[in-house]
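Asker: this one's sequence-less:
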């Protein structure tokens, strides 16, 4: 519906120009106003979010302290906005586009664009149906174009081709929406009125090259029509680190090249076509400092760091703005391009909490963006909940929630308290030990050791923090009909939404030691610490202050209270992503004993649910005592700030 209304508005603009009195030709040509409304890292949050994901902190409250106040028994009176939910994204996009049309007298063009990770790592009502619900909602919102994100590759390139409806029959997209699936069982899940036909918008992938053709697997750019015959090109690229953060088997037919190099290849082609206004959607980002990490600074640009700075420095100066993503940050920055000209670099956070309202003017003589115009800028707009939001999108969400409720409401286990990811200052982190990660590792070891398991047993299990995307809260959601402590299938699915399998392989003891060392690595050009979770029969110590490669003392590593034998062979259970070397844990591949190949086991959610089902009573959070820091001041444990009541 919105795509039609946009087309009509453009047609009206064209008619107005054609029908203008002849005397208007003598007047100076007015700049062409352009609006880009941008969203990134939506991750299938089609329903209204809850908890911290649904709040944007706007002030410290009467105590003038952001976050809990220790002097008042950690009471928190911060003021906030309630945000999120696809129906409210749609309504917010409509509001900002209507405001733009009113301010410009319908003399410009407005487009709704995405910067990737719109799907996957999503909530149950979308992920259970392979994110077809999210695509239906985005189509209804009138999304015009999006870059691919790394999560668009979570289910592999063939699935990306299947869902990318607008590109069918172009580049390497030779898979239609219901091809290769069992309709209603493994894809094309929607009933009458919700039949799946793929995206109405093109996914762009300028830096993802087909191994067969050597050219982009999907279109590298989209040219958008502006009034008076002018054009705006949008180039799409994804983080070059994608092969390290998705399952390698799913992307074996493509290779990822440097994002800036790919953009710079495309720019001359666009210039030859007479397109001088160019935007880039890049699924890569940066970090900004905030005066207080407990607050949300949605339009900040303080001490921007990270890969986006390098990309800005190397992208052709003909690129007029960069819409970034991936780092789940909110910022609007004016940086210098290689020619010393100002260039907008933006990002709109995550989960549909914000959209970026970006304003440009295009010179009608040159067709280029005027970056010195007063209107050249961006504002991140909170997606506030006002009423029910957009009725069409709300109806789509309601349909899929009802469909998901049948399977999702099944109780698969019970808990005594919150089972959380690691938290620091009320935000989830990936560098610390967590009770939920430990429990998942225990479940994977139990799966491998269960009678009749195809995995043939295991000596230990390891899982990664990036594969754990939600907490298991003990307090039952309001209105759910659940009892406090119930764990449902929908909840466990949201914890591990990637449909990985629990696999097993033989590794050397030296490889296990190296895997623990590889928790510290350069990922995406930035030093990072991803603390792995290990099963309860494993202990080790690390020195966070030691040099890279020497932080884990091999002597400290024990399995079943026996020191690790570096020359020995151990059978390790882990998810398929890790065993493929994901997240730069390459020793899962290079450390295999001669001839050992991974054996595929059950889906990771099924393995976890099976473990919960055989527990003699409600599950308690495992102790945080498996990875011990030798520095008392740097313990790297969940600080408990995400824990709630039960």
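Answerer: Arrived safely, thanks for sending. Everything numeric in this text was worked out from a predicted model, so none of it was measured.
Asker: can you list the domains in this structure?
Answerer: Residue ranges for the domains of the chain, per automatic domain parsing: 2-49+84-391, 411-629.
Asker: okay if I get those as JSON lines plus mean neighbour count, mean pLDDT and distance to residue 63?
Answerer: For the C-beta atoms, the positions are set from N, CA and C on the backbone; glycine is no exception. Output for those, formatted as JSON lines (neighbours: other CB atoms under 10 Å; pLDDT from 0 to 100; distance: least, CB to CB, whole Å):
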{"stretch": "domain 2-49+84-391", "mean neighbour count": "20", "mean pLDDT": "92", "distance to residue 63": "12"}
{"stretch": "domain 411-629", "mean neighbour count": "19", "mean pLDDT": "95", "distance to residue 63": "16"}
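Asker: which among the ones you listed is found nearest to residue 72?
Answerer: Residue 72 lies closest to domain 2-49+84-391 among those, at 14.9 Å (CB to CB).
Asker: so how far is that closest one off the chain centroid?
Answerer: Taking CA atoms, centre = their mean, to the nearest Å, one finds domain 2-49+84-391 lying 14 Å from the centre of the chain it belongs to.
Asker: ditto for stretch 615-631
Answerer: On CA atoms, centre = their mean, the centre of stretch 615-631 falls 28 Å from that of its chain.
Asker: same question, stretch 586-605
Answerer: For stretch 586-605, the distance to the chain centre is 26 Å (CA atoms, centre = their mean).
Asker: again with stretch 49-67
Answerer: Worked out by CA atoms, centre = their mean, stretch 49-67 lies 23 Å from the chain centre.
Asker: what about the residue nearest to residue 646 when sequence neighbours are not counted, which SS state?
Answerer: In space, and not counting its chain neighbours, residue 646 is closest to residue 474: 3.4 Å by CB to CB, 6 or more residues apart in numbering. The local conformation at residue 474, judged by DSSP: H, G, I helix; E, B strand; the rest coil, is coil.
Asker: I'd assumed residue 415 was in contact with residue 474.
Answerer: Yes: judged on CB atoms under 8 Å, residue 474 makes contact with residue 415 at a distance of 5.4 Å.
Asker: what touches both of these two?
Answerer: Residues within reach of residue 474 and of residue 415 at once, by CB atoms under 8 Å, 6 or more residues apart in numbering, are 485, 646.
Asker: picking that back up, any idea how far residue 644 is from the residue nearest to residue 646?
Answerer: 7 Å (CB to CB, to the nearest Å).
Asker: anything in contact with each of the two?
Answerer: By CB under 8 Å, 6+ apart, the residues touching both residue 474 and residue 644 are residue 418.
Asker: now do the strands in the stretch 351-500 of the chain.
Answerer: 354-362, 377-382, 411-414, 423-424, 427-428, 460-463, 486-488 (DSSP state E, counting those that start in this stretch).
Asker: in CSV, list the ones you listed along with distance to residue 175.
Answerer: Below are the strands of the stretch 351-500 of the chain laid out as CSV (distance: least, CB to CB, whole Å):
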stretch, distance to residue 175
strand 354-362, 30
strand 377-382, 36
strand 411-414, 34
strand 423-424, 40
strand 427-428, 35
strand 460-463, 31
strand 486-488, 33
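Asker: out of those strands, flag the one nearest residue 391.
Answerer: So among the strands of the stretch 351-500 of the chain, strand 354-362 is nearest, using CB to CB, at 19.1 Å.
Asker: angle of the closest one against strand 377-382?
Answerer: Angle, strand 354-362 to strand 377-382, by axes from the mean of the first three to the mean of the last three CA atoms, to 10 degrees: 160 degrees.
Asker: which other helices and strands contact strand 354-362?
Answerer: In this structure, strand 354-362 packs against strand 32-39, helix 86-104, strand 321-323, strand 342-348, strand 377-382, with contacts taken as 3 or more CB pairs under 8 Å, 6 or more residues apart in numbering; DSSP states H and E.
Asker: parallel or antiparallel, list what pairs with the last one.
Answerer: This points to strand 377-382. strand 354-362 (antiparallel) (DSSP bridges).
Asker: likewise for the first one?
Answerer: Paired neighbours of strand 32-39 in the sheet (DSSP bridges): strand 109-114 (parallel), strand 354-362 (antiparallel).
Asker: C-terminal to it, what's the next element?
Answerer: strand 55-59 (DSSP states H and E).
Asker: quick one: contacts of that following strand?
Answerer: 66, 78-83, 294-296, 298, 353-354, 382.
Asker: please identify the buried residues of that strand?
Answerer: 55, 56, 57 (16 or more other CB atoms under 10 Å).
Asker: how far is stretch 605-620 from where the chain is centred?
Answerer: That offset, for stretch 605-620, works out to 28 Å (CA atoms, centre = their mean).
Asker: can you list contacts of it?
Answerer: So stretch 605-620 is contacted by 412-417, 419, 439-440, 442-444, 446-447, 450, 485, 487, 489, 492-493, 495-496, 499, 502, 601-602 (CB under 8 Å, 6+ apart).
Asker: how close does residue 444 get to residue 461?
Answerer: Taking CB to CB, one finds residue 444 at 4 Å from residue 461.
Asker: tell me the pLDDT of residue 400.
Answerer: As predicted, residue 400 sits at a pLDDT of 97.
Asker: residues in contact with it?
Answerer: With CB under 8 Å, 6+ apart, residue 400 has these contacts: 46, 125, 126, 129, 133, 136, 194.
Asker: mind listing the helices for the stretch 51-200 of the chain?
Answerer: All helices of the stretch 51-200 of the chain, identified by DSSP state H, counting those that start in this stretch, fall at 86-104, 124-127, 132-141, 157-163.
Asker: among the ones you listed, which is nearest residue 522?
Answerer: helix 157-163 (26.0 Å).
Asker: who are the packing partners of the next helix or strand after the closest one?
Answerer: Using DSSP H and E, the next helix or strand after helix 157-163 towards the C-terminus is strand 203-204. When contacts are defined as 3+ CB pairs under 8 Å, 6+ apart, strand 203-204 packs onto strand 145-147, strand 231-238.
Asker: and the shortest one, what does it pack against?
Answerer: Just to be clear, that refers to strand 145-147. strand 109-114, strand 203-204, strand 231-238, strand 277-283.
Asker: and it, which strands flank it?
Answerer: strand 109-114 (parallel), strand 203-204 (parallel).
Asker: list the contacts of the nearest residue to residue 171 once chain neighbours are set aside.
Answerer: Spatial nearest neighbour of residue 171, chain neighbours left out: residue 218 (5.4 Å); criterion: CB to CB, 6+ apart. Contact analysis of residue 218 by CB under 8 Å, 6+ apart lists 148, 160-161, 164, 167, 170-173, 202-205, 208.
Asker: for these, give me JSON lines that also has distance to residue 402.
Answerer: What follows is those, written out as JSON lines (distance: CB to CB, whole Å):
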{"residue": "148", "distance to residue 402": "30"}
{"residue": "160", "distance to residue 402": "28"}
{"residue": "161", "distance to residue 402": "29"}
{"residue": "164", "distance to residue 402": "27"}
{"residue": "167", "distance to residue 402": "31"}
{"residue": "170", "distance to residue 402": "35"}
{"residue": "171", "distance to residue 402": "37"}
{"residue": "172", "distance to residue 402": "36"}
{"residue": "173", "distance to residue 402": "32"}
{"residue": "202", "distance to residue 402": "31"}
{"residue": "203", "distance to residue 402": "28"}
{"residue": "204", "distance to residue 402": "33"}
{"residue": "205", "distance to residue 402": "34"}
{"residue": "208", "distance to residue 402": "36"}
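Asker: farthest pair in the contacts of strand 55-59?
Answerer: Checking these with CB to CB, the most distant pair is 66 and 354, at 18.8 Å.
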